[in-house]
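Asker: only geometry, no sequence info:
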């Protein structure tokens, strides 16, 4: 049988867990059955698809910019704006905003994506996020008569036009967690064939021998000093400020402890939140022991340098890719007890869970692990076994390809 083409579309303007997860999926497809091609945002710096030899095209996507102060933003923030959002005129208010977004941000992208569909002639179009974040691709696939699925990776809600116009055009949905499945299914208010297929890792990336001292040498962290890390986009809901607060508390009992924050500021926040974290570290006396690396490509090596990995999100995490990466690297993980993290971690067995936004509870969990090296090792080993059994890339790829088979069989 001739391999069929899958066209993946990811319009995110910045690199993040979603595009990393997509890379692993696309690069591990059984190319005897399905051959990948990619449409990416021109602004997204992620370049591993080209390295893997996967054909791709880049399209210009809107760049998010904070709205400058002015009459319109003042009105939106005031009583009139609140009344329009919540009063009797709320429906027309929101619908007008939806139409404006479709006109300004969605429709201009349909043409370039349609051109990519014409070029690659895929059997199926695989959109790498929720309906609300994949609108141009849904429309382009629909116009081209190609079956499309949305790989729902966030809690971003659909608007009325998404439910009425786009959702009925989809052949299927993939959810990365039960939490996302429940929220999106309720929000879309329509039945679409769907699967829950968790993100996965390539264990080979974490089994390559690495120098665990390299990051410590780079940052000036002594080899015998505890090093606790937070990896991910720097944005308020990811809760790096909670991590810093907890680190400050822990340092009172463990004065030699160091912390590291790895990641780039989220585009929607600009640099304001990241700058506030540096001020917070200075205020708490951590300026010499909390290190900011910016974005990094050597995640397995960084994880190998840590004693503990922290995931301190203050809002539910759709999945929490960094959690399974930490487990794959044989590191104990402490995470916020909400969203996808609670589906991955069994508290006290494969990691520790603490209430979201509770720096004191996080500090207590970190203190417990710092005082118990054997316990850290047990959690790390259990986490690794969990990833081996449930979150290997081969398992995910097989499930996705089975879904493709079912969808395409239904087209004939």
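Answerer: Arrived safely, thanks for sending. Just so it is clear, the model here is predicted, and its values are computed rather than measured.
Asker: CA only for contacts and neighbour counts going forward, please
Answerer: Fine.
Asker: you'd agree residue 288 is in a strand?
Answerer: No. With DSSP: H, G, I helix; E, B strand; the rest coil as the criterion, residue 288 is located in coil rather than a strand.
Asker: So in the protein, where's the weakest helix or strand by average pLDDT?
Answerer: Ranked by mean pLDDT, DSSP states H and E, the weakest helix or strand in the chain is helix 71-77, scoring a mean of 43.
Asker: so residue 227 touches residue 254, yeah?
Answerer: No. Assessed by Cα atoms under 8 Å, residue 227 is found out of contact with residue 254, at 11.1 Å.
Asker: ok, these two, which is more surrounded?
Answerer: Between residue 227 and residue 254, residue 227 has the larger neighbour count (other Cα atoms under 10 Å), namely 22 against 16.
Asker: Who is the more buried one paired with across the strands?
Answerer: residue 258 (DSSP bridges).
Asker: Tell me how far it lies from residue 379.
Answerer: Per Cα to Cα, to the nearest Å, residue 227 is found 17 Å from residue 379.
Asker: my guess is residue 111 contacts residue 140, does it?
Answerer: Yes. Between residue 111 and residue 140 there is a contact under Cα under 8 Å: 7.4 Å.
Asker: what about these two, which has more around it?
Answerer: Set residue 111 next to residue 140 and count neighbours by other Cα under 10 Å: residue 140 wins out with 23 against 15.
Asker: Which residues does the helix or strand hosting that one contact?
Answerer: Under the criterion of DSSP states H and E, residue 140 resides in helix 135-144. Helix 135-144 is contacted from outside by 9, 106-107, 109-111, 113-114, 117, 125, 127, 131, 147-148, 162, 166, 169-170, using Cα atoms under 8 Å, 6 or more residues apart in numbering.
Asker: That helix: which residues count as buried?
Answerer: 135-142 (16 or more other Cα atoms under 10 Å).
Asker: Give me the average confidence score over it.
Answerer: The average pLDDT within helix 135-144 is 97.
Asker: One more: stretch 383-399?
Answerer: Mean pLDDT, computed over stretch 383-399, is 98.
Asker: Please apply the same query to stretch 324-340.
Answerer: 98.
Asker: Check stretch 28-44 too.
Answerer: 97.
Asker: give me the number of residues near the closest residue to residue 22 other than its chain neighbours?
Answerer: The spatial neighbour of residue 22 that comes closest, neighbours along the chain excluded (Cα to Cα, 6 or more residues apart in numbering), is residue 128 at 7.1 Å. Residues near residue 128, counting by other Cα under 10 Å, number 24.
Asker: Just to check, residue 128 is in contact with residue 148?
Answerer: No. Counting by Cα under 8 Å, residue 128 sits too far from residue 148 to count as a contact (10.6 Å).
Asker: so which strand or helix has the nearest residue to residue 369 once chain neighbours are set aside?
Answerer: In space, residue 369 comes closest to residue 376 once its chain neighbours are excluded; the distance is 5.8 Å by Cα to Cα, 6+ apart. Assigning secondary structure by DSSP H and E places residue 376 in helix 373-390.
Asker: Whichever helix or strand comes after that helix packs against which elements?
Answerer: Following helix 373-390 in sequence order, the next helix or strand is helix 393-409 (DSSP H and E). Judged by 3 or more Cα pairs under 8 Å, 6 or more residues apart in numbering; DSSP states H and E, helix 393-409 is in contact with helix 17-27.
Asker: and the helix it packs on, which residues are buried?
Answerer: For helix 17-27, by 16+ other Cα under 10 Å, it's 17-27.
Asker: Report how many residues lie close to residue 60.
Answerer: 15.
Asker: okay but it is in contact with residue 43, surely?
Answerer: Yes. Between residue 60 and residue 43 there is a contact at 7.1 Å, judged by Cα under 8 Å.
Asker: Tell me which stretches of this structure form strands.
Answerer: Counting by DSSP state E, the chain has these strands, from start to end: 4-10, 34-41, 56-59, 124-127, 148-152, 172-175, 194-196, 227-231, 258-262, 290-294, 308-311, 333-336, 352-354.
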